[in-house]
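Undergrad: can you look at this prediction? I've put the sequence above it.
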Amino acid sequence: MTLSVTNTLTGEREDFEARGDDVLLYVCGLTVSDDAHLGHARLWMHADIMHRWLAYEGYDVHHVENFTDVNEKIAARIGEDDLGDDEADVAEHFVGDVIRDMRGLNLMRAEVYPRVSEHLPEIIDLIETLVERGHAYESNGSVYFDVSTFDDYGKLSNQQVEELEAQGNESERSEKRNPADFALWKAGAVAPETAAEHRDPDLEPLTEPCGQTWESPWGEGRPGWHIECSAMSMTHLDDTIDIHVGGRDLVFPHHENEIAQSEAATGEQFARYWLHVGLLQTEGDKMSSSLGNFFTVTDALDEFGVDVIRTFYLSTAYGSEQTFSEKTVSEAEERWNRLERAYEAAIDACDSPDARTKVEAAGLRETTAELYENVRAAMNDDFNVREAMAELLGLARAVNKHLDEADEYDYRALREAIEAFEAIGGEVFGLSFGDSGEGGDVSVAEDLVQLVLDVREAEREAGNYDRADALRDDLAALGVEVEDSGDGATFRFE
RNA sequence: GCCAAGGUGGCAGAGUCCGGCCGAACGCAGCGGCCUGCAGAGCCGCCCAUCGCCGGUUCAAAUCCGGCCCUUGGCUCCA
C-alpha cells in the first residue's frame, strides 16, 4: 500500500515515490514578528502528522523547518515594550515563544530550525550564482530575479507572467526590468517609512533606517524574502527535496519564486511534492495577524489543552479549510474525551485482580485487528486524518460496548485495544495515551478524593442522597468528575 | 480582471483521484430506550441530506463532462 498525495505542482493525486529510506521534508516556517496563532499551528500540526506517519511507515524523515528572523515587520517592532533594541533581539524573543508553543503542542522536533540571519553566506552565494548564470541582475544595490529567463515561471500556481501585477512596492518597480521580477537582495536597511507600515501607531515612529544589514558584493543590504527558503533547504537537505509543505496562501508568490530561483541556480528540480495546507477560517475569513482575528497558541493551550487542540486539527484533512469556532472546538473536546474515557476504562478494567482471559470478545478483537489496516489505508490516502480518527473512535465504541455488555472481560482483547490506542493515538497522532504525566502530589490528591467518596458512599447507603449529591457537586467544582456505577464510584480529574 | 481551492444533513466534516459496497462515514447537537436513587458516562435505536444550480454521458453520478451562481485564498506582509 503506497502513500498518495495531492501535489500542487501537477494539481493531481500522485503516488509518493520515495528515493530510498530517507525522506527530505521542508516546512515553510514562521516569520517571527508576533506570537504564533492557531492558523500557524495548523500547518505545524499537519506537517507533524506527515512526519509521524512517514516515520511510522519506516522512513527516516529529515525534517527542516525555518524561522524567518529577518523581516520588515520584525524591524518595525524594535524598541517596543521589552522586545529589545535590535532586530535580532526582537526575533529571538518570538523564537523562544514559538519553540515553547511547539513543545506545548507535542510536535516532533525538526532536525534543524534554521534562521535566515545564520545563512547569509549561503544566501549570498546563491544570489551570486544566479547573477553569474544570467538569471538575476543588480540594480541600485539591489538584486532582482529576472523571470523572463526562467521558462517554467508560473508552473506551480499556473500564473502567466504577462497577467501578473507587479511584485514589490513603488520604489522597487522602477528598478526592475519586468514588473514580475522579484527581489533577491535589497540595498540598505529598512526605511523608516516602510517600517511605519507595520509599526504600532501608538508607538513613536522610527526615524532612522532600521534592521540588520550585511555586506555583500552589491553593498550593504538585506536578503529578499523568498531566497532564504531556497538557501536553507539546499544547505540542510539537498538541491532536490522530497516534500515541501506550506500554507496555501504562500503558493504565489513565495513558493513559485522559490522554485524559480532554486531551479535556475541548480538546474535540478527543487521539490518533488508540494503539499499545501488549507487555511484556518474564523467567521468566514482566514485567521491572520493582520486581520486581528487570531487566537494565540499559548492562549489556546491554556484554555483547551494539547489533546483537544490536536484532536481539533485531526478532525479535518490538511488540504481543506477548517473552521475555528467555539462549537468546532467543543466538538473536538467531546471527541477527545470519548477516546480518553474509553482508554482509561480499558486500563481500569485490566487492573482487576483476576485479569485473566476467560472469554473472547470477538467484536473487540476484530475491531482492533482491523484498526491498523484501516488507519493505514486512511493515512496513505493523502493523510486522511479524519478517517483515521474515525477508526480510533470506532475502537472506543468497541471497548465501551464490551465493558458495558460483558459479564466477564476479555483481558487480552482489552490489552490489545490499549496497545492500539497508544500506537495509533499516541505515536501517530501525538495524543496523550500512555504518558501518565502526572506528578507526585496527584497520588495524594487521589487518596483524598477517595476519602471523600468513601464518606459519600456511606451517605448514599444511609439514603442521604442530598448530602451525597452535595459532595459530588463540590468535587465537580474542584474539577473532579464523579461517576457512579454498579461497583461503586469512580472519578477522574478534568 | 487573472490564478487557485471549495460549495455535502441543525452544526461540523469524510467520501470526489479509481462511477456501483454512499439508501452518504466519524462526531456534536436533538429524540426515544437500557442502565441509575438522581445525574453523568456508556450501550442500543431514531431523527436530519433535491450531495450549489442547470444540462449531458452512463444500466448506474456526491463522484465523469459542459455551462452558470456563490464562498474563500492569492496576485501587497502572510502558514
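TA: Received, thanks.

Undergrad: how about low-confidence regions in the stretch 1-150 of chain A?
TA: Residues of the stretch 1-150 of chain A that meet the criterion pLDDT under 70 are absent altogether.

Undergrad: tell me where it has strands.
TA: Applying DSSP state E, counting those that start in this stretch to the stretch 1-150 of chain A gives strands spanning A:4-7, A:12-15, A:22-31, A:60-68, A:136-139, A:142-145.

Undergrad: of these, flag the one that's most buried.
TA: Across the strands of the stretch 1-150 of chain A, averaging neighbours per residue (mean count of other C-beta atoms under 10 Å) puts strand A:142-145 on top, at a mean of 26. To be clear about C-beta, it is placed using only N, CA and C from the backbone, and glycine gets the same treatment.

Undergrad: for it, give me every contacting residue.
TA: A:127, A:130-131, A:135-137, A:172, A:175-177, A:181-187, A:218, A:221, A:257, A:260-261, A:264 (C-beta atoms under 8 Å, 6 or more residues apart in numbering).

Undergrad: want to throw the strands of the stretch 1-150 of chain A into JSON lines with distance to A:L471?
TA: JSON lines is the format used below for the strands of the stretch 1-150 of chain A (distance: least, C-beta to C-beta, whole Å):
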{"stretch": "strand A:4-7", "distance to A:L471": "54"}
{"stretch": "strand A:12-15", "distance to A:L471": "57"}
{"stretch": "strand A:22-31", "distance to A:L471": "48"}
{"stretch": "strand A:60-68", "distance to A:L471": "50"}
{"stretch": "strand A:136-139", "distance to A:L471": "75"}
{"stretch": "strand A:142-145", "distance to A:L471": "71"}
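
Undergrad: out of those, which is closest to RNA strand B?
TA: strand A:12-15 (2.6 Å; C-beta to the nearest atom of the strand).

Undergrad: separation between the closest residue to A:D34 other than its chain neighbours and A:R77?
TA: Leaving aside its sequence neighbours, A:D34 sits nearest to A:S289 (C-beta to C-beta, 6 or more residues apart in numbering; 5.2 Å). Counting by C-beta to C-beta, to the nearest Å, the separation of A:S289 from A:R77 is 12 Å.

Undergrad: A:N140 now?
TA: The value you get for A:N140 to A:R77, if C-beta to C-beta is used, is 27 Å.

Undergrad: please identify the residues of the stretch 351-494 of chain A in proximity to RNA strand B?
TA: Residues of the stretch 351-494 of chain A lying near RNA strand B by C-beta under 7 Å from any atom of the strand: A:381-382, A:384, A:386-387, A:389-390, A:393-394, A:396-397, A:400-401, A:403-405, A:460, A:465, A:468-469, A:472, A:481-486.

Undergrad: what about A:A388, neighbour count?
TA: Counted with other C-beta atoms under 10 Å, the neighbours of A:A388 add up to 26.

Undergrad: do I have it right that it meets A:A378?
TA: Yes. Contact status for A:A388 versus A:A378: in contact at 4.1 Å, counting by C-beta atoms under 8 Å.

Undergrad: if we can go back for a sec, nearest to A:G278, of the strands of the stretch 1-150 of chain A?
TA: strand A:4-7 (10.9 Å; C-beta to C-beta).

Undergrad: how close does the closest residue to RNA strand B within the stretch 101-250 of chain A sit to A:E256?
TA: Nearest residue of the stretch 101-250 of chain A to RNA strand B, counting by C-beta to the nearest atom of the strand: A:G247, 1.8 Å away. Distance of A:G247 to A:E256, computed by C-beta to C-beta: 14 Å.

Undergrad: who's more crowded, the two?
TA: A:E256 (24 against 20).

Undergrad: got a list of what that one touches?
TA: A:153-157, A:159.

Undergrad: pLDDT wise, what is it at?
TA: Per-residue confidence at A:E256 stands at 96 (pLDDT).

Undergrad: surely it is within a strand?
TA: No. Counting by DSSP: H, G, I helix; E, B strand; the rest coil, A:E256 falls outside a strand, being helix.

Undergrad: what about it, distance to A:F145?
TA: From A:E256 over to A:F145 the distance is 11 Å, taken as C-beta to C-beta.

Undergrad: thinking again about what came up before, so what's in contact with A:S289 and A:R77 at the same time?
TA: Common neighbours of A:S289 and A:R77 (C-beta under 8 Å, 6+ apart) are A:S33.

Undergrad: looking at these two, which one has more neighbours?
TA: Taking other C-beta under 10 Å, A:S289 and A:R77 do not tie; A:R77 has more neighbours (25 against 17).

Undergrad: how about the contacts made by the more buried one?
TA: Here A:R77 is in contact with A:33, A:83, A:90, A:198-200 (C-beta under 8 Å, 6+ apart).
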